[in-house]
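> Pasting the sequence and the predicted model now:
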Amino acid sequence: MVQVAWLGRRYNGKISEIFEGLPREQGQQENRRDRHGEAALGHLLGHASRGHYLVRAQPAEDRTSNKLKNPPVPGRSAEAKGKDQEHGLGWFLASRPHFAERVYEELRNTIGNRLPGFTDLPRLIFLEQMVNETLRHRPPAIGVFGRQAVEEVGIGGYRLPKGAIAHALSYLVHHDERWFPQPNEFDPERFSPERSHQIHPHAYFPFGIGPRTCIGNHFAKMEMMLVVATLLQRFSISPAAGQCEPQPVSDVTLRPKGGLQIKLRTR
């Protein structure tokens with residue numbers, strides 16, 4: 001019998017709340033996965049010309065449709081589903097307008113009004129900091145980094161027998177004050193050129209670590225940066241009326257429990 005070792009103690013309650021959304025059958029997760037979310041932002045930006053729009057990320061417990069239900073027109077709501085990690089970034093930008101405006105100013109000063117491209121990304125320093133801090137605060141995958149002990153080993157005062165499986169939970173490590181002071185604060189300056197060297201190289205792993213790191217990690221970050229850059233060039237964003245900070249719930253990846261509603265206003 002292969003044993004599963006649990007090495008976390010401080011955040012048991014929080015992790016239990018997050019994991020309550022895990023599907024009981026892997027097939028459920030596959031059936032509910034959005035395969036056409038990429039088109040939603042394109043439809044939203046393509047149809048929008050002026051006015052106010054409401055973008056709603058589907059809640060974790062209700063993601064059965066994969067289509068943009070209505071093209072947005074002024075005063076109406078549109079359902080635009082993005083990648084899991086983009087929900088978190090959307091919230092942090094909408095709820096912290098000073099950060100959103102700082103990203104917008106960076107865009108104006110570096111690329112002006114033209115559409116951003118891959119070659120622009122190295123110059124979007126603060127936007128990358130926002131992405132990195134979002135991935136720290138809301139890592140997309142929190143319970144899939146398992147390793148099997150090839151021999152008996154001691155880790156943090158625990159003895160793991162040969163064959164035991166230990167899981168590194170990124171959410172726990174990313175919110176451990178030993179590695180990230182004031183871990184519950186959203187602070188993109190952690191990843192500034194002046195401070196990023198202070199982060200332990202093994203304390204930040206939103207996409208895993210080592211030879212089995214997610215092969216799509218660079219693409220995911222690139223996608224986040226390009227989507228946000230394109231969005232903020234055209235819109236200012238804010239939380240919709242009555243929208244509180246969404247609590248994370250895991251469906252293998254973290255999603256906003258109850259959904260997320262963000263208001264867009266054309267610039």
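All right, it came through fine.
> What are the boundaries of the strands in the stretch 151-267 of the chain?
153-155, 158-160, 165-167, 235-239, 248-251, 253-256, 260-266 (DSSP state E, counting those that start in this stretch).
> Enumerate every residue touching Glu151.
Neighbouring residues of Glu151 by Cβ atoms under 8 Å, 6 or more residues apart in numbering: Lys162. Bear in mind the C-beta positions are built from the backbone N, C-alpha and C, glycine included.
> And it, how close does it get to His200?
Here Glu151 is placed at a distance of 25 Å from His200 (Cβ to Cβ, to the nearest Å).
> again with Glu245
Counting by Cβ to Cβ - Glu245 and His200 are separated by 27 Å.
> do Arg234 as well
Arg234 is 38 Å from His200, by Cβ to Cβ.
> So which of these two has more stuff around it?
Regarding Arg234 and His200, a neighbour count based on other Cβ atoms under 10 Å identifies Arg234 as having more, with 15 against 10.
> Touching, the more buried one and Val228? I think so.
No: counting by Cβ atoms under 8 Å, Arg234 stays clear of Val228, with 11.4 Å between them.
> Next SSE downstream of the helix or strand of the chain with the lowest mean pLDDT?
The least trusted helix or strand in the chain, going by mean pLDDT, DSSP states H and E, turns out to be strand 77-78, with a mean of 32. Sequence order places helix 84-95 as the next helix or strand after strand 77-78, per DSSP states H and E.
> Contacts for that next one, please.
Residues contacting helix 84-95 (Cβ under 8 Å, 6+ apart): 55, 57, 82, 99-100, 103, 130-131, 133-135, 137-138, 140, 186, 206, 220, 224, 227-228, 232, 237-239, 245-246, 248, 253-256, 260, 262-263.
> Selecting buried members of the residues you listed in ChimeraX, what would you type?
Buried members of the contacts of helix 84-95, defined by 16 or more other Cβ atoms under 10 Å, are picked up in ChimeraX with:
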select :55,57,82,99,100,103,130,131,133,134,135,137,138,140,186,206,220,224,227,228,232,237,238,239,246,248,253,254,255,256,260,262,263
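> Could you pull up the residues touching the nearest residue to Asp120 once chain neighbours are set aside?
With sequence-adjacent residues excluded and distances taken as Cβ to Cβ, 6 or more residues apart in numbering, Asp120 is closest to Ile111, at 5.2 Å. The neighbours of Ile111, taking Cβ under 8 Å, 6+ apart as the test, are 120, 123, 229.
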